[in-house]
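Peer 1: build the 3D model from these lines:
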Amino acid sequence: MFYGEGSNGKSTLVDIIARVMGDYATSVPVMSLVNDTNRKGSEATPDLIRLPAARFVRSAEPKEGLPLDESLIKDMTSGEPVNVRRLNHEFVEVYPRFKLVISCNRKPKIYGNDDGIWRRVTMVPFEVQIPKEERDKELPAKLWREAPGILNWMIEGAVDFLARGALQAPDKILAATQEYRDESDIVGAFVRAALEVTRNPNDTVEAGSLYSGFVTYCNKSAITPLGKNTFNRRMPKAAESFGFEKGKSSVSLYTGIRIRPEYDPSRTPYSYGAGGE
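Peer 2: Okay, here's the model as predicted:
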């Protein structure tokens, strides 16, 4: 994922790589990558039919607020076969063999916090914004004239990759990716903002009250809350990460925490958001 505020060379870099790779590069409509609940599993996927022959696939960021389709991203990058279908044709099984690059000015939403999605995400920050007076409108044409050299540079990178057996991300990219994951962890953000971790066994919060506090936090932060079942599945792992625990009793509760007053549902009215399950 190439991320930056704009005027920083993201598109120029992606465009020249795609041009040099020719038929081995393609684009995928951004709406194909978002979580669209209206798409049915039996529908044709003409937007994805070109992907299996590609080695480099590019897309743009989705509209603000739309989350990536994490299941689709996992399927397309797993190396396992996926089913695609042209209009008025049967499904066929294909093996994706490409790298997907999403260029974005805003980071797409990723709600999952499992390693299954995050080991597929690499955030490459483009932090330098080129001043208007220094922008070269002829740069794409100049780069295209250097296409043979750029191809040689890419081949050298491929040889180095094959020799190493893996890509070695710089610390800057590792840090940016971890920051993105932390920002996307809505449960972790709730714990940091709304809970006081005391580790005192006498401080307990019932799971129902904890979810109510979570919804209050989401409402105050203009975030769509996770559904109660999803929240309850994620909360034990968050508790372990932050140093408190789910109690072992007939009542589902957490020990060693307090809800901060401004998020305490017993003090602050809240309403359930459209979090679903």
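
Peer 1: and the most far-flung residue of the chain relative to its centre, how far is that from Thr255?
Peer 2: Here the chain reaches farthest from its C-alpha mean at Asn202, the gap being 37.8 Å by Cα atoms, centre = their mean. Relative to Thr255, Asn202 is positioned 8 Å away (Cβ to Cβ, to the nearest Å). The way it works is simple: take the backbone N, C-alpha and C, and place the C-beta from them, glycine included.

Peer 1: and Ala25, by the same measure?
Peer 2: Per Cβ to Cβ, Ala25 is found 54 Å from Thr255.

Peer 1: before we move on, what about Leu151?
Peer 2: 60 Å.

Peer 1: those two: who's more crowded?
Peer 2: Remark: of Leu151 and Thr255, Thr255 carries more neighbours, 19 against 14, as counted by other Cβ atoms under 10 Å.

Peer 1: per-residue pLDDT, the more buried one?
Peer 2: pLDDT recorded at Thr255 is 94.

Peer 1: for the stretch 51-200 of the chain, what are the low-confidence residue spans?
Peer 2: Regions of the stretch 51-200 of the chain meeting the criterion pLDDT under 70 cover residues 65.

Peer 1: what ranges do the strands span in it?
Peer 2: Counting by DSSP state E, counting those that start in this stretch, the stretch 51-200 of the chain has strands at residues 56-60, 82-84, 92-94, 99-104, 124-125, 195-197.

Peer 1: show residues contacting the shortest one.
Peer 2: Residues lying outside strand 124-125 but in contact with it, judged by Cβ atoms under 8 Å, 6 or more residues apart in numbering, are 1-4, 172-173, 176.

Peer 1: got the contact list for the closest residue to Gly208 other than its chain neighbours?
Peer 2: Nearest residue to Gly208 in three dimensions, chain neighbours excluded: Ser252, at 7.7 Å (Cβ to Cβ, 6 or more residues apart in numbering). By Cβ under 8 Å, 6+ apart, the residues touching Ser252 are 206-208, 232, 246.
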